[in-house]
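Participant: Fold the stuff below for me.
(2 chains)
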Amino acid sequence: MDNRLPLTRRSFLHRGAVTGVALGSASAIAGCATSGGGGNKSVGHKSVTSNNPFGVKADAPLAVDVFKGGDGDAFARYDVTMYQAKFPKAQVAYRADPGIEAILQKAFVQGKPPDVGPTTSDFINLIADHQVTDLAGLLDAPAFDTPDKTVRQTLLPHTVETGTYDKATYVLNYNSEVFGNWYSKPLFDKHGWEYPKTWDEMIALCATIKKAGVAPWTFQGKYPGYTLSPILTMAAKAGGPEVLTSIDSLEPNAWKADSVISAATAFQEIVTKKYILPGSAGLTHTQSQLYWTQGKAAFIPCGSWLENEMSTITPKGFGMVLGPTPSLSSSDKMPFEAIQAGPAGGWIVPAQAANKYGGYEFLRIMLSRKASTEYSKLTHSLTTVQGYADELSISSGFDSSRDAIRVAGANAVTWRFGAWYPQLETAVENATGELMAGRIDAGQWATRCQKGADAIAKDSSVKKYTD
Amino acid sequence: MAAIARRGRTSFTILMLGIPLSPYVIFVLSPYAQSFYISLTKWSGFTATKTWVGFANYNKLLHDSVFWTSLRHNALALVLVPVATIALALFFASMLNVGGRRGRAGIHGVRGSAVYKVIYFFPSILSIAVIGVLWSFVYDSTDNGLLNGALRAFGLGGPVDWLGNPGSAFYAILVVMVWVSVGFYVVLFTAAMGAIPHELYEAALIDGANRWDTFWRLTLPLLWDSIQVAVIFIGIQALDLFGLVSTMSAAGGAGGPDNSTQVVSNYLYQSAFKYGQFGYASAMGVALFILTLLLAAVTFRLSRRERVEG
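Facilitator: Prediction:
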C-alpha cells in the first residue's frame, strides 16, 4: 500500500507507516528472540591509500542490505557494480527486500548484521544500544569524485547534523527531501493563478480557485504528519528557527509560542473556510494524491517524493511543481523562500559488521557525484550531495525541488522530535488529525501537543537528545 | 529382567511421546514462555541482552490510558461482533438450506442458494490486508467513495467521514469484521444443518410450522453446539482485530483518529515496532493471552451448564 520507502518518509515526516503483516498475539513477537548473539572482528585497515582511504581488503566479502520500496533498488545495484569495479575480488552478498526491517532486526539480535544497511523505523534504539558505528572516519575521508574535498564538505547543510546523536554521527542520510505545497503549473497558468507568497494571498486565491469549481486543497488526512509540515514550517518562518529548536528540546510551552499557534490557526482556515475537497480528513496519501492528480484539488502538501510516487498515474503534461509554504505575515523572521528541507533515508554501518571498512567505502561510493546522478535519474529524487544536480534536468517536480533547496540555502529548516521521541510524534499526529478535521482549535491543539512533550520531558526512562 | 523390560518400555514411551511433542514445545510453548520472560524486562528488540525490571511493565500497563481505551474497544468488539456475525450467519444458513418455500415438496434452500453459498465464502479467501484496503476505498470520505456516492445518489446528504470520525470509525471497522467472518460461519452452520435429519423438518412442515417457528424450535436448538464453538472462534478474532485496524484506521494505521479505533494488538505492535518497547509490548501480549484464555474458559463453562439444563 505504501508506495515508497517508509523509513525515508518517516524520518522526514515523522509518521509511522509500517503496514504490518498480521501479527496477533504475544507468541509472534517472541519468535526466537531470546537467542544469544556473538561478536565479529572486522577485517581491513591493512594499507590505507588516498584511493582506498579505509584500507579495505580487496577480497573481503561485503554484505549490503537495502530497503526495496517505491524507489526500487536499481540505484543500490548500481552502487554495488561501482564497488565491484573497484574491488573485483570482493564477493558482495546483496539483499534487497520490502521487509528488510524484520530481517535486520533478527540479524542484529544474532550479532550478524550486514556491513552496510538502511536504518530501521526505530533505529534510535540501535543507537542507544551501541549497535552502530560512528561515521566520522567516513566523513573526513576524501570524497570519491570531488577533488580536494572531504566527504563531509560535499554534503548539503543539515546532513551530518541530522545523523548525529550525542555528538557522534551514526546515520548517513542519503535522500535530500524538501517539503512544500504542490500544484500543477499548467493548470495555474491556464487560469492565470499566481502561487501566493503570503497566507492572506493564499486565502484570497483559495476563494478564486473555489469559484472556478476546483477544491483549493486536499490533504492526506489519515496521515496527519503531512499537514504538520506546513504548520511547523510557517511557524518557523514567523518566529525563526528557534521555535523548532525549543520544540525539539521539549521546552515548557514551546508548542504554545505565538508563532506556532498563529500558524496552526492560519492553516486550519483551509478547513474552517471550507477550502478543501470535502472528506479530505479521511483520505490516505494514495487517495488524496490521486484526486489531486485528477485535478479535483489545486494544492496538496507533500515531500519531493510525490512525483515519483504518483508517476504511473499522473496525466501527461500535469507539470507538478512545489512552492514553499506562504509567509504568515510581513513581519516574519525568515524569508518566503525558507522551506522544510532535510536529509532522510538513513544508512548505517553496524558496530558488529564483519567488513565495516567495506561498508564505509560503499557509502563513500554512494555519495559520489556519479552514483548520485544515477540515483536521481532512476528515482527522480535528490541525494544529500551538493550541487551535482545543478545541470541535471529530469522533470518538473525534480527540477522545482532542486531549485527550492538551492534558493532556500541556509534557510532550510527541519525538526527532529519525531525521530527522537516516537511517542511524542504519535501524540502530535493525533492532535493534528483532530485539528485538520476541525474538531479542535489551534489552542487546544497546542495544549495537547505540549502535554505530549511534557510527558516525555518528565519520563526519566526516555533518553533525551539535543540539536 | 522384568525391571529392564519395564525400563525399556518407559524409555520407549518417552521417546514416542517426545518426538511428536517436541515441535509443540519448541514452536508453541517456548515462544509463550519467552514472551512471559520478555515481559519482565526492558528490551529494545535489537540487543542480545535484556534488563530485568520485574513487574514494572505490568504496573505501567495499569496506568496507561491508551491501553485501557484499547481494551474497552476490544470488549465492545467482543460483544458486538459475535452477536452480529452469528445472527447473520444463522439467518443466511437457514435460508440457504431449509428456508425455501417454492411450493414443491421437500426441504430445500431459497432459489439460487448454491450460488449464494459460494459468494458468501468469498471474503474468507481474501487476505485481511486486501480487505482492509478494499474497504478503505468503500469508505472513501469524499463523494467519490462507494458508500458516499450511494448516499449522494439517494440524496441522503454530504460525504460522511466514516473512518475519520471518532464516533463512526470503530463501528465502520467492526462492520468489515462482520462482513469478513459471516461467510465462514454460514459454511459451518450449513454443515451442521446438514446433520439434522430431514424428517424433522418434514414433520414440522406437516404440522404447519412457518419458517420462523422452524428456526426457533428446530434449527436453533439442534445447532447449539456449533454456535458455541462459533462464539469462541469469533470471540478470539474480536480480541485480535489487528489486520483491519492497522490497514484501515486513521493516523497511519495507528488506531486513529485519536486512538478511537485502537485495540490491544495494534497498540502492542506500535509499542514494539514503533517505540522499541518490546518488554512492554510483551506484557500487553501476555495480558491479551490471559484474556483470551479467560474468554474460552467462560464460554466452555456456560456451554456446560447449558447442556445440563438441556
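Participant: What residues does the stretch 1-150 of chain B have near chain A?
Facilitator: B:28, B:31-32, B:34-35, B:37-39, B:42, B:44-48, B:50, B:128-129, B:133, B:136-137, B:139-145, B:148 (CB under 8 Å from any CB of the partner chain). Bear in mind the C-beta positions are built from the backbone N, C-alpha and C, glycine included.
Participant: In strands, which of those appear?
Facilitator: The strands, defined by DSSP state E, take in residue B:42 from the residues of the stretch 1-150 of chain B next to chain A.
Participant: Any of the residues of the stretch 1-150 of chain B next to chain A buried? List them.
Facilitator: Among the residues of the stretch 1-150 of chain B next to chain A, the ones that count as buried by 16 or more other CB atoms under 10 Å in any protein chain shown are B:31-32, B:34-35, B:37-39, B:42, B:44-48, B:50, B:128-129, B:133, B:136, B:139-142, B:144-145, B:148.
Participant: what about residue A:367, distance to chain B?
Facilitator: 26 Å (CB to the nearest CB, to the nearest Å).
Participant: now the strands for the stretch 201-350 of chain A?
Facilitator: A:215-217, A:297-303, A:320-323, A:339-348 (DSSP state E, counting those that start in this stretch).
Participant: for the second one, the distance to its chain's centre please.
Facilitator: Okay, so that is strand A:297-303. 17 Å (CA atoms, centre = their mean, to the nearest Å).
Participant: so how far is the first residue of stretch A:242-259 from its last?
Facilitator: Counting by CA to CA, to the nearest Å, you get 11 Å between the two ends of stretch A:242-259.
Participant: Check stretch B:191-199 too.
Facilitator: OK, stretch B:191-199 end separation, CA to CA: 17 Å.
Participant: For chain B, give me its nearest residue in the stretch 51-200 of chain A.
Facilitator: residue A:125 (3.6 Å; CB to the nearest CB).
Participant: Model confidence at that residue, what's the number?
Facilitator: Turning to residue A:125, the model gives it a pLDDT of 80.
Participant: Can you name every helix or strand that the helix or strand residue B:173 falls within contacts?
Facilitator: Using DSSP states H and E, residue B:173 maps to helix B:169-194. Judged by 3 or more CB pairs under 8 Å, 6 or more residues apart in numbering or on different chains; DSSP states H and E, the packing partners of helix B:169-194 are helix B:65-97, helix B:113-125, helix B:128-138, helix B:220-240, helix B:242-248.
Participant: worst average pLDDT in those helices?
Facilitator: helix B:113-125 (a mean of 83).
Participant: Go through it and flag the buried ones.
Facilitator: Buried, per 16+ other CB under 10 Å, within helix B:113-125: B:113, B:116-117, B:120, B:123.
Participant: Then stretch A:51-71?
Facilitator: Under 16+ other CB under 10 Å, the buried positions of stretch A:51-71 are A:52-54, A:56-57, A:60, A:62-71.
Participant: middle-most residue in chain B, spatially?
Facilitator: In chain B, the centroid-proximal residue (CA atoms, centre = their mean) is residue B:237; its distance is 1.9 Å.
Participant: how near is the closest residue to that one other than its chain neighbours to residue B:191?
Facilitator: Nearest residue to residue B:237 in three dimensions, chain neighbours excluded: residue B:181, at 6.6 Å (CB to CB, 6 or more residues apart in numbering or on different chains). From residue B:181 over to residue B:191 the distance is 16 Å, taken as CB to CB, to the nearest Å.
Participant: So for the two, which sits in the more crowded spot?
Facilitator: Remark: of residue B:181 and residue B:191, residue B:181 carries more neighbours, 24 against 12, as counted by other CB atoms under 10 Å in any protein chain shown.
Participant: need the contact list for the more buried one.
Facilitator: Contacts for residue B:181 were tallied using CB atoms under 8 Å, 6 or more residues apart in numbering or on different chains; they are B:81, B:85, B:89, B:123, B:234, B:237.
Participant: please redo it, this time with the cut-off set to 7 Å
Facilitator: By CB atoms under 7 Å, 6 or more residues apart in numbering or on different chains, residue B:181 lies in contact with B:85, B:234, B:237.
Participant: same thing with residue A:90?
Facilitator: Neighbouring residues of residue A:90 by CB under 7 Å, 6+ apart: A:58-62, A:84.
Participant: again, only using 8 Å
Facilitator: A:58-62, A:83-84, A:358.
Participant: quick one: low-confidence parts of the stretch 151-300 of chain B?
Facilitator: Where the stretch 151-300 of chain B drops to pLDDT under 70, the residues are B:251-252.
Participant: can you rerun that using 50?
Facilitator: Along the stretch 151-300 of chain B, no part satisfies pLDDT under 50.
Participant: Residue A:365 is in contact with residue A:79, isn't it?
Facilitator: Yes - with contact defined as CB atoms under 8 Å, residue A:365 reaches residue A:79; the gap is 5.6 Å.
Participant: higher neighbour count, these two?
Facilitator: Ranked by neighbour count (other CB under 10 Å), residue A:365 and residue A:79 place residue A:79 first, with 25 against 20.
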